[in-house]
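Enquirer: My questions concern the predicted model and sequence given below.
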Amino acid sequence: MNVVAPGITLEDYESGRAKPIDLFENQIKDWILRFALCLAHEHERREDAGIAALLLSSAVLEPLGGVLPMAKGRKNSEAKFCNGFVRVFGTIPGAEDTWQIAGRVADTTAPGKITWEDVGTTAPAGSPTSVPQWAPNTLYVAGQVIADADNGHFYLARTSGQSGAAAPVFPITVRDLEHGMAPDGNTIWMDSGTAAPAAVATAGPTDASVSLVNMNLPQVHSLYYFNIATGFGVSGARNSTFTTVAQTNASGTTYLAQQTRGHRIVEPIILLTAYLPGLPMDAESPWKPRNLIPGLSFGFSMSNPANSFYLGGSSEIWRNLQLAYGVNINTGINTLVPNQTFTALTQAPATTSRTTIKPFIGLTLNLDFIASFFNQKF
């Protein structure tokens with residue numbers, strides 16, 4: 001059984017059961033376009049499958065153009081291709097001459113018209129790790145790079161097509177400051193020919209507007225893991241006052257020492273704060289709620305540095321302003337020795353010192369922030 005097209009035998013065609021247009025349609029669909037579709041799917045894995053798909057699908061246009069009416073004097077293969085192209089695509093928006101566009105497509109799909117450009121002894125950026133050697137009767141696409149083993153140079157395909165049976169003579173292009181390059185201040189311009197390189201998307205640089213609102217910029221100043229601040233603290237410890245009270249009895253007048261509870265201690269303090277790992281302080285950025293996470297603080301009283309110490313934490317409630325809290329350890333709290341009586345009013349009651357641990361709260365300012373008011377840096 002002689003098959004002249006998928007699903008059509010020679011007997012079907014000669015008997016008239018299959019018309020010429022049926023024969024043509026089945027041949028185009030199953031023998032050309034089906035394989036072009038397979039190659040289009042293969043293009044996901046092989047970048048050179050695209051040109052093969054283009055060659056197969058464009059093969060439809062030439063036989064179609066051959067059976068359609070065509071101007072006299074234009075009967076060659078390219079004219080038939082252009083005639084079929086114009087019939088299928090009609091008028092192309094923006095193109096004055098559809099025949100001219102069709103001619104360019106014919107040149108692209110026609111094999112054997114590859115132009116190789118010497119790009120030097122270093123493969124262009126983006127080339128595969130192993131650049132292939134030139135091979136005969138092979139489809140190459142524009143932008144593909146090959147290597148010539150004889151001269152050690154790499155060559156870039158400027159046009160797509162199929163290589164010939166014999167290797168061409170690959171020339172070596174000499175480029176230096178006197179041949180193809182022009183110095184321009186700190187820039188050197190190189191002549192790349194009359195066609196823009198494949199990697200160039202536009203004819204030249206264009207201005208671009210870059211929005212910095214949502215762009216993450218690199219850190220350009222130091223982060224703080226330690227801080228020195230000064231302010232005041234209000235302690236739960238109290239300083240007592242001592243008085244004598246007269247007592248009269250049969251033996252005469254005596255004086256009894258008494259202790260009166262004083263006010264809470266309010267004193268200037270200085271604190272050194274260490275911030276937790278991973279939570280440094282960025283004093284030059286806007287305040288954030290995470291700044292409330294306390295650092296560990298230790299300090300002392302500026303009015304009683306030998307006896308009054310502070311230990312706790314500091315939370316930045318506003319930029320450069322900290323809320324300090326913790327315990328005040330005071331070793332200089334005076335207390336009255338009990339059961340003291342005197343015969344003279346001028347006698348001073350005896351006291352002793354004891355250590356107290358009381359809670360405290362306070363406000364502090366960074367020393368750098370205070371110094372900035374005087375155009376100084378701590």
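Expert: Sure thing, it's come through.
Enquirer: Point to the helix or strand of the protein where mean pLDDT is at its lowest.
Expert: Every helix and strand of the chain was ranked by mean pLDDT, DSSP states H and E. The lowest is strand 181-184, at a mean of 57.
Enquirer: Where do the helices of the stretch 251-378 of the chain begin and end?
Expert: 367-372 (DSSP state H, counting those that start in this stretch).
Enquirer: what stretches of it score poorly on pLDDT?
Expert: 376-378 (pLDDT under 70).
Enquirer: tell me the strands in it, going along the chain?
Expert: Secondary structure of the stretch 251-378 of the chain (DSSP state E, counting those that start in this stretch): strands located at 252-260, 264-274, 295-301, 308-318, 321-336, 341-342, 351-366.
Enquirer: Would you mind pulling the contact partners of the shortest one?
Expert: It stands for strand 341-342. Residues outside strand 341-342 that contact it (Cβ atoms under 8 Å, 6 or more residues apart in numbering) are 244, 247, 254-257, 349. Placement of C-beta: from N, CA and C, glycine included.
Enquirer: what's near enough to touch Ala165?
Expert: 136-137.
Enquirer: again with Ile270
Expert: Ile270 sits in contact with 228-230, 299-300, 302, where contact means Cβ under 8 Å, 6+ apart.
Enquirer: Ok, Thr356 next?
Expert: Neighbouring residues of Thr356 by Cβ under 8 Å, 6+ apart: 237, 329-330, 333.
Enquirer: And for Asp30?
Expert: Asp30 neighbours (Cβ under 8 Å, 6+ apart): 5-7.
Enquirer: Does it belong to a helix, a strand or coil?
Expert: When classified by DSSP: H, G, I helix; E, B strand; the rest coil, Asp30 comes out as helix.
Enquirer: Give the closest residue to Gln27 in space, chain neighbours not counted.
Expert: Nearest residue to Gln27, sequence neighbours excluded (Cβ to Cβ, 6 or more residues apart in numbering): Ala5, at 4.7 Å.
Enquirer: any idea how far Asp22 is from the one you found?
Expert: 8 Å (Cβ to Cβ, to the nearest Å).
Enquirer: Between the two, tell me which one has more neighbours.
Expert: Each of Ala5 and Asp22 has its neighbours counted (other Cβ atoms under 10 Å); Ala5 has more, 20 against 15.
Enquirer: what sits opposite that one in the beta ladder?
Expert: Ile8 (DSSP bridges).
Enquirer: So it sits against Asn26, correct?
Expert: Yes - counting by Cβ atoms under 8 Å, Ala5 does reach Asn26; the two are 4.0 Å apart.
Enquirer: Flag the shaky bits of the stretch 1-150 of the chain, pLDDT-wise.
Expert: 1, 32-60, 62-68, 71-78, 88-113.
Enquirer: all helices of it, in order?
Expert: Using DSSP H, counting those that start in this stretch, the helices found in the stretch 1-150 of the chain span residues 10-15, 20-26, 34-42, 49-58, 61-67, 77-89, 98-109.
Enquirer: buried stuff in the first one?
Expert: Buried residues in helix 10-15, defined by neighbour count with 16 or more other Cβ atoms under 10 Å: 12-13.
Enquirer: could you say what helices and strands it packs with?
Expert: strand 3-5 (3 or more Cβ pairs under 8 Å, 6 or more residues apart in numbering; DSSP states H and E).
Enquirer: at 6 Å instead, please
Expert: In terms of contacts (3 or more Cβ pairs under 6 Å, 6 or more residues apart in numbering; DSSP states H and E), helix 10-15 is packed against no helix or strand at all.
Enquirer: Just the CA trace of it, in PDB.
Expert: Only the C-alpha atoms of helix 10-15 are listed here, as PDB (Å, rounded to 0.1, in the frame of the first residue of the first chain):
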ATOM      1  CA  LEU A  10      -2.200   6.500  -3.700                       C
ATOM      2  CA  GLU A  11      -5.400   4.700  -4.600                       C
ATOM      3  CA  ASP A  12      -7.500   7.200  -2.600                       C
ATOM      4  CA  TYR A  13      -5.800  10.100  -4.400                       C
ATOM      5  CA  GLU A  14      -6.000   8.600  -8.000                       C
ATOM      6  CA  SER A  15      -9.600   7.600  -7.500                       C
END
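Enquirer: Distance check, Asp12 against Asn137.
Expert: 36 Å.
Enquirer: Taking the contacts of Thr356 together, which two end up most distant?
Expert: Ile329 and Ile333 (10.6 Å; Cβ to Cβ).
Enquirer: so how many other residues sit close to Pro128?
Expert: So Pro128, with other Cβ under 10 Å, has 9 neighbours.
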